[in-house]
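Peer 1: One predicted model, sequence on top.
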Amino acid sequence: MPQEIFFANIFGFIFGGIGLLVTVFLGIRHHKAVLWVYLIIQIMLLSYLIVGFIYDFWGVKDTRDLIEARLLFCIRNTYVFLFPYFFHTLFRPKRELLRNIAFGAEALLLTGLVLSPLFYDNATSSYGPGYIISILAQAVAMFYVFFIAFKNVKNIDNPKVKILLPVFSIMMAGQYLLIYGIGYLHWFEGMNTPFLRETFFNPIFYMLWNIAFLWSMLEVFVLKETRPCTVDERELKNKEEANLTEREWEVAIMVMEGRTAKMIAEELGISEHTVKTHVKNIYQKAGVKNRVGLTNYLKIGNNKPIAENEL
């Protein structure tokens with residue numbers, strides 16, 4: 001194994017391991033479903049790297065039945081379900097359950113095709129229709145993720161995440177093209193360089209993916225939680241009872257703590273105008289005009305704002 005490929009995989013494993021640990025920590029701390037979905041994606045991506053590294057490091061040749069290729073295709077087929085499911089959990093589109101069932105059924109059918117004789121014909125030593133169908137289905141799932149990310153990115157408040165979602169989608173598209181272009185369409189055939197091998201550029205993409213994840217998610221899920229809390233949230237209604245969205249709930253808590261629009265904007269990574277819009281919506285939903293009225297409204301057992309003459 002060339003040194004370039006070896007060190008690319010080592011760095012991929014290091015940053016992948018850090019990404020896994022951070023995702024587990026955030027999932028335990030914040031109980032957000034999207035983080036657990038992302039954890040499964042991380043595990044599958046890391047598994048894909050490990051399989052390729054083992055075969056390349058020990059110089060193992062694939063068997064006549066293409067066990068390595070089938071295994072890698074089975075892992076990639078899980079992406080057909082996991083990536084759309086991740087973005088569904090993030091954006092909550094219409095008919096979300098139906099979409100998840102459709103992509104889940106598709107992933108299972110594709111796995112069955114890959115494990116069947118339809119994937120590879122030993123008699124002619126050529127790929128069969130199962131191989132073509134798997135490639136096309138993976139491409140459709142990738143372009144679906146690409147579409148849904150760009151369609152919904154405008155609904156993201158945090159400017160870093162707003163940039164990263166399209167970047168992730170573009171990285172996925174680039175990696176997909178390289179995998180199939182070099183590995184199966186024989187792009188750059190005859191060029192004997194380790195930089196065009198899948199076991200080199202896959203860990204590079206994975207390392208960049210995790211660096212971007214750590215850059216964005218630590219701010220979104222951790223740094224904003226380090227603020228000193230002067231409001232005991234155990235004495236308040238939950239956000240569903242208060243009829244507030246998750247972001248409105250976060251803003252409401254900070255408003256009750258006496259934070260200014262500028263402070264809230266800096267802490268959440270959004271504009272002051274967006275903060276003021278959230279505050280306006282919160283006050284309208286609560287039927288109050290100020291912070292004292294909001295605090296009174298959100299207390300458990302109280303469904304009415306404080307009377308004006310009591311302020």
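Peer 2: Happy to help now that I have it. Numbering: from 1, shown residues only.
Peer 1: Show me the helices in the stretch 151-300 of the chain, by range?
Peer 2: Under the criterion DSSP state H, counting those that start in this stretch, the stretch 151-300 of the chain contains helices at 159-183, 198-217, 246-256, 261-268, 272-286, 291-298.
Peer 1: what does the fifth one rub up against?
Peer 2: When you say that, I think you mean helix 272-286. 157, 242-244, 247-248, 251-252, 255, 261-262, 264-265, 268, 289-290, 293-294, 297-298, 305 (C-beta atoms under 8 Å, 6 or more residues apart in numbering). For the C-beta atoms, the positions are set from N, CA and C on the backbone; glycine is no exception.
Peer 1: If you tally nearby residues, what's the number for residue 154?
Peer 2: Neighbours of residue 154 under the rule other C-beta atoms under 10 Å: 7.
Peer 1: what does residue 122 give?
Peer 2: Neighbour count of residue 122, defined by other C-beta under 10 Å: 11.
Peer 1: how far away is it from residue 116?
Peer 2: With distances defined as C-beta to C-beta, to the nearest Å, the gap from residue 122 to residue 116 amounts to 12 Å.
Peer 1: picking up where we left off before, rebuild the helices of the stretch 151-300 of the chain as CSV, extending it with mean pLDDT, mean neighbour count and distance to residue 31.
Peer 2: Rendered in CSV, the data for the helices of the stretch 151-300 of the chain read as follows (pLDDT from 0 to 100; neighbours: other C-beta atoms under 10 Å; distance: least, C-beta to C-beta, whole Å):
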stretch, mean pLDDT, mean neighbour count, distance to residue 31
helix 159-183, 75, 16, 19
helix 198-217, 79, 19, 15
helix 246-256, 85, 20, 12
helix 261-268, 82, 17, 19
helix 272-286, 87, 16, 22
helix 291-298, 78, 20, 21
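Peer 1: So which of these is nearest residue 14?
Peer 2: Among those, helix 198-217 comes nearest to residue 14, with 8.0 Å by C-beta to C-beta.
Peer 1: and for the lowest-mean-pLDDT helix or strand in the chain, what are the contacting residues?
Peer 2: In the chain, the helix or strand scored least confidently by mean pLDDT, DSSP states H and E is helix 159-183, which has a mean of 75. With C-beta under 8 Å, 6+ apart as the test, helix 159-183 has contacts from 83, 135, 138-139, 142-143, 145-146, 149-150, 153-154, 156, 187-188, 196-198, 201-202, 205, 208-209, 212, 215-216, 219-220, 269-270.
Peer 1: Next, the angle from that helix to helix 198-217.
Peer 2: Between the axis of helix 159-183 and that of helix 198-217 there is an angle of 170 degrees, by axes from the mean of the first three to the mean of the last three C-alpha atoms, to 10 degrees.
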